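**Q** 3D, please:
(4 chains)
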4 protein chains.
Amino acid sequence: MIIIMKHHATADEIAGAVAHIESLGFKAHLSSGEERTIIGVIGDERPIEPEHFELLNGVERAVRILHPFKLASRDFHPEDSVVKINGVAVGTSQVIVMAGPCSVESREQLMETAAAVKQAGAHILRGGAFKPRTSPYAFQGLGLKGLELLREAREQYQMPIVTEVISPQEVTLVAQYSDILQIGARNMQNFALLHAVGEIQKPVLLKRGLMSTIEELLMAAEYILSHGNQRVILCERGIRTFETATRNTFDINAIPVLKSLTHLPILADPSHGTGRWELVSPVARGAVAAGADGLLIEVHCNPARALSDGAQSLKPENFAKMVTDVRRIAQAIGRTV
Amino acid sequence: MIIIMKHHATADEIAGAVAHIESLGFKAHLSSGEERTIIGVIGDERPIEPEHFELLNGVERAVRILHPFKLASRDFHPEDSVVKINGVAVGTSQVIVMAGPCSVESREQLMETAAAVKQAGAHILRGGAFKPRTSPYAFQGLGLKGLELLREAREQYQMPIVTEVISPQEVTLVAQYSDILQIGARNMQNFALLHAVGEIQKPVLLKRGLMSTIEELLMAAEYILSHGNQRVILCERGIRTFETATRNTFDINAIPVLKSLTHLPILADPSHGTGRWELVSPVARGAVAAGADGLLIEVHCNPARALSDGAQSLKPENFAKMVTDVRRIAQAIGRTV
Amino acid sequence: MIIIMKHHATADEIAGAVAHIESLGFKAHLSSGEERTIIGVIGDERPIEPEHFELLNGVERAVRILHPFKLASRDFHPEDSVVKINGVAVGTSQVIVMAGPCSVESREQLMETAAAVKQAGAHILRGGAFKPRTSPYAFQGLGLKGLELLREAREQYQMPIVTEVISPQEVTLVAQYSDILQIGARNMQNFALLHAVGEIQKPVLLKRGLMSTIEELLMAAEYILSHGNQRVILCERGIRTFETATRNTFDINAIPVLKSLTHLPILADPSHGTGRWELVSPVARGAVAAGADGLLIEVHCNPARALSDGAQSLKPENFAKMVTDVRRIAQAIGRTV
Amino acid sequence: MIIIMKHHATADEIAGAVAHIESLGFKAHLSSGEERTIIGVIGDERPIEPEHFELLNGVERAVRILHPFKLASRDFHPEDSVVKINGVAVGTSQVIVMAGPCSVESREQLMETAAAVKQAGAHILRGGAFKPRTSPYAFQGLGLKGLELLREAREQYQMPIVTEVISPQEVTLVAQYSDILQIGARNMQNFALLHAVGEIQKPVLLKRGLMSTIEELLMAAEYILSHGNQRVILCERGIRTFETATRNTFDINAIPVLKSLTHLPILADPSHGTGRWELVSPVARGAVAAGADGLLIEVHCNPARALSDGAQSLKPENFAKMVTDVRRIAQAIGRTV
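**A** Alright, predicted model coming up:
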């Protein structure tokens, strides 16, 4: 941590800041510039927020030196992590495609979609059983019945499945059915839930909050890692900005930034990242070209009848076309799908 | 809902959209402009999202006509709601002040702060026992021990208390201790939690998410109201923007906007809304001048030793000065504190 | 400037960074922490951007220590600046009200509005002659004819006037007519225009860009000040955020932040800050309660016939009511209107 | 335009709105829903803003039906526009690369860079002579001397050039030297400048403002087109969001959105879009994969000595590598470089 004193800070204020730093068990290191004194705080600053120092008399600002995350950091784990899920490995040179309906709506709908995405080349089947919905009047998912249908599709089509868990109470239940537990964007800072999935041994797909920074995403991963679960897959799914032409703004920059900061694999979700099906394929190609380790795609056999997110769901034929296009992009950068 | 067809939409596409609308049980009402056809959807559109229609062939865009919330809307409940809490009424001409430490840290800290805020004129004591923290390495609150200390302070200083609940499992427990249950900003769209507090009969203080629109705040309130709990108090606490000079941007516009859209009372939290203690008093004055029904303020006897949010906590003497200033503002607009 | 080296930075990389710093005429000051080396850059860093250092091998990040502005900074000019305009002083304990139509549309419209705002207590008349409009098909202002009408209103009602200048070519012309030159939000970083108004001796009303940070606003002021014109008045007018319920988000935090960073006076423009006339009065009260030195308000005798910005214009009777309300707020904090 | 009346709007208010619509020369078309009346406004609504109607008594909201741009719209110009510049065509299946230094600093610097980018495969040379800088203390460009150097490089390396114009006064001058006039992000809504470049016959490269919507970008293009200049190339260069890990957030969604809305070609500028040289290549690949018609890239032979934007400039060898990578991506989607 670096503490920047105010322009007119007195000697007493500087001494006070130093005494405070030392009382916390850190060493203080003074440096007087032409206009300001700055104080280096020597020690592991991670548990402390810069704001802590900003209320000391004469302090103008404090700046973190270290990233606040450690287990998620590439500094301490230089090689890429590979997350293995029943025969599928995320984080290698193969780009992994997870696809399926937003919500599980019925056996027919799920089986038909599962067959189609399997045939088109998807590796993992997605589908929501517990649905977080903005409106209390909207379809909330089939719950346990949805989990059972997912298990059935899993057996029939021999694909691992990923489904969302929205509350700590249901973590154990969902873990009995699903190969991967998904933490949705609105729950990225639901710390009770992060704590709960950190204590089981199942891969977690952690989606970036729609207004969370990259650093906050890595701190959410740190929660899970620090509770003992090392199998975390990150997912960029678009952030909220002033632009209203699309539902979210897919942050393609985040892909190479995350690759440099962390060893964890990164997926891209262009369905939520754009909110419009006709934009999914171009943005999926872009994400893979920029280095994403996989894709999460919503597919529905009859989007106009979907009970949620129809507008951003691809029909099977468009999904198959997308996989073909993405495969060519992957090959152009020396990867496979 | 209004559906706007594309410029080159064909007669078949228009007929298809009409058939789809009717298949959902709505009536369709066509209107042909010079360049586009638009279709009105007649019926209660609330359970449906506009995006649902946007994937039909030939449709360019769909626009909601009705607000998606109903129980929270002033349209159906024109008079202001007043939430009563053991003798304190929120939503009248009296501006209510809730104050106390960010976290309950110890008996001494809590009692000293409670005495100070009571003396300065606060009506309700706040304090966190379960703390949602961005870092897994930061202080997570005293938990049950914190609740017990809050109950003790409540008895000793005869003030109702408000404390946060962060997980559905703890709703019953926290409700046994606290007069008001607080839903924090990061949990505003934790729907499992909203569901749980909607099923008990305790007032809820619902903070706006730092990434949430005013409409989403009202939809979160609608969750609670629709599950049977009518005592909801809203709280504006700053939103995330591109500006980095302050921790958040306090959205003062939201106060009169919410007053026009909903009958629920609105508090302002300038501590989180600014993130810096020296900005709390000016923004508190501004919020009350703009019509807020109350304030939520962080106070700590020794902010430099606070285990959380010290930088935005007022010392007791500054809090007392703030209450005096706010009282004058309240009087200038015909209210009291 | 502080330069933070990467975790694995080598001794050679550190030596290279030091050599680079010294080659630019600065001194380097090394400090080795447990995990990182940091380097202090001693000297006047203002002309250099932190990014300049970030491409050196082994450098992770560079952080500014000094504010990049100097003439605008309160550090070097502790007392408040007062800008005098033909008998009206901005920056004293009196809150100054500037009001009038968005655009000058006709003699009748301007004179009627001028009479009304004068009577209600406004100190300065505003009105646009050159209008920057998002659409090339919208009314672009009366130009020179508008300036002449403003001069006529100025004489008749004995009020100084403020009008916008949108291009360097017209600075001399507008300065012949107007008492204050307004730089609009979309031109806040039109550096050629800032340069031009910096070279004349007329007060400048500089509006914050809808996408500009507080620091960038002060850098824009620094442009004007550094070219020789010391009479700059700042104006907060709302920023662009994700919230769509209002046209902009009025950043009330900016008022006390600017008061602490700069000696220049600060106005508030709740007309643009909200975009809806019924929100103007509550936000005007809030801005004055938070410490604004004045208000800029759009008033129109017949908003539904306004050629621009009718939706955010107050009718004269509502404006008069607002001035009365604001006066009470000003008195509550020891100021006048 | 659709006008949505308030829930409790009276018959008189509805009649008043209809009368107002008709007084403006439009036809009104009423539709009464279960909870609200809506009124369709029939006619060319483009010159009118929705807010115009929102202040009528009883009106809740007005919604545009038509896009406010017409000349830029694909609705009226379905085929792609191709902009030809001395033998280079932008908007075909060939991806065009424009590259060079941020600022022209000296003959040696420019010639060395021009030689390098030409050799690596760039089609057009970029370089700034007039520089808009946030700080008045930063390097402001070589001005006329810079234009002369650009002309010299143009002849020597036989590449068309693009350079920025920042003020209406200099449009004629810059047009004498440059093949393309660039409008920078901070000037995207400098309407006097848009007007000026609309009246000459030179291709214009129009960069999206860092907080401008896609619609506003197209309205800025409409300014140029409506003044008679049909050769406009758009450029996505990153927008300002809450994320601070990168200088801007490159909006990859904007590429396919613009492709659907307009016939004008779209470039991508990953140098400004990321602000960090090591992110430029992945984002350039992503942009081309998503459909960009070209790239604008900052290249400097010695970035650590650059007088501006060094941190986001590629060295020639990295640029050459990037062109090779991008070429493979282009081929994967059936295009060339």
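**Q** When you work out contacts or count neighbours from here on, use the C-alpha atoms and nothing else.
**A** OK.
**Q** Now do residue A:29: how many residues are near it, please.
**A** 17 (other C-alpha atoms under 10 Å in any protein chain shown).
**Q** State the phi and psi torsions of it.
**A** phi -130, psi 110 (degrees, to the nearest 10).
**Q** and it, what does it touch?
**A** Under the criterion of C-alpha atoms under 8 Å, 6 or more residues apart in numbering or on different chains, the neighbours of residue A:29 are A:39-42.
**Q** which among those end up buried?
**A** Neighbour counting by 16 or more other C-alpha atoms under 10 Å in any protein chain shown classes A:39-42 among the contacts of residue A:29 as buried.
**Q** Which one of the contacts of residue A:29 is nearest to chain C?
**A** Of all the contacts of residue A:29, chain C sits closest to residue A:42, with 5.7 Å by C-alpha to the nearest C-alpha.
**Q** Quick one: residues contacting the nearest residue to that closest one once chain neighbours are set aside.
**A** Nearest non-adjacent residue to residue A:42, counting by C-alpha to C-alpha, 6 or more residues apart in numbering or on different chains: residue A:27, 5.0 Å away. Residues in contact with residue A:27 (C-alpha under 8 Å, 6+ apart) are A:21, A:41-43.
**Q** Of these, which is the nearest to residue C:177?
**A** residue A:41 (56.9 Å; C-alpha to C-alpha).
**Q** Now the element after the helix or strand encompassing the closest one, going C-ward?
**A** Counting by DSSP states H and E, the element that carries residue A:41 is strand A:37-42. Later in the chain than strand A:37-42, the nearest helix or strand by DSSP H and E is helix A:51-54.
**Q** can that next one be found next to chain B?
**A** Yes - judged by C-alpha under 8 Å from any C-alpha of the partner chain, helix A:51-54 and chain B are in contact via A:51-54.
**Q** Using PDB, list the CA coordinates for that helix.
**A** The C-alpha trace of helix A:51-54 is given here as PDB (Å, rounded to 0.1, in the frame of the first residue of the first chain):
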ATOM      1  CA  GLU A  51     -10.000   3.400   2.300                       C
ATOM      2  CA  HIS A  52      -8.900   2.400   5.800                       C
ATOM      3  CA  PHE A  53      -6.000   4.800   5.700                       C
ATOM      4  CA  GLU A  54      -7.900   7.600   4.000                       C
END
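**Q** by contact count, what packs against it?
**A** strand A:59-63 (3 or more C-alpha pairs under 8 Å, 6 or more residues apart in numbering or on different chains; DSSP states H and E).
**Q** Buried residues, the next helix or strand after the strand it packs on. List them.
**A** Downstream of strand A:59-63, the next assigned helix or strand under DSSP H and E is strand A:83-85. Neighbour counts using 16+ other C-alpha under 10 Å place A:83, A:85 of strand A:83-85 among the buried residues.
**Q** residues making contact with strand A:83-85?
**A** A:89-91, A:160, A:179-180, A:203, A:231-233, A:265.
**Q** now the helix or strand of chain A with the lowest mean pLDDT, how far from the chain's geometric center?
**A** Least confident helix or strand of chain A, by mean pLDDT, DSSP states H and E, is helix A:51-54 with a mean of 84. Chain-centre distance of helix A:51-54: 29 Å, with C-alpha atoms, centre = their mean, to the nearest Å.
**Q** Could you pull out the strands in the stretch 51-200 of chain A for me?
**A** Secondary structure of the stretch 51-200 of chain A by DSSP state E, counting those that start in this stretch: the strands cover A:59-63, A:83-85, A:88-90, A:96-100, A:124-126, A:161-164, A:180-183.
**Q** what about whatever helix or strand residue A:215 lives in and chain B, touching?
**A** With elements taken from DSSP H and E, the one containing residue A:215 is helix A:214-226. Yes - Helix A:214-226 is in contact with chain B by C-alpha under 8 Å from any C-alpha, via A:216, A:219-220, A:222-223, A:226.
**Q** Most neighbours among those, which one?
**A** Ranking the residues of helix A:214-226 next to chain B using other C-alpha under 10 Å puts residue A:220 first, with 29 neighbours.
**Q** who touches that one in this structure?
**A** Contacts of residue A:220 (C-alpha under 8 Å, 6+ apart): A:188-189, A:191, A:194, B:134-135.
**Q** List the buried residues in the biggest helix by length in chain A.
**A** As assigned by DSSP state H, the longest helix anywhere in chain A is helix A:316-332. Buried residues in helix A:316-332, defined by neighbour count with 16+ other C-alpha under 10 Å: A:316, A:318-320, A:322-323, A:325-332.
**Q** so residue A:39 makes contact with residue A:15?
**A** No - with contact defined as C-alpha atoms under 8 Å, residue A:39 does not reach residue A:15; the gap is 10.5 Å.
**Q** Strands of the stretch 201-337 of chain A, start to end?
**A** Under DSSP E, counting those that start in this stretch, the stretch 201-337 of chain A gives strands at A:204-207, A:232-236, A:266-268, A:294-298.
**Q** nearest to chain B, of those?
**A** strand A:294-298 (13.9 Å).
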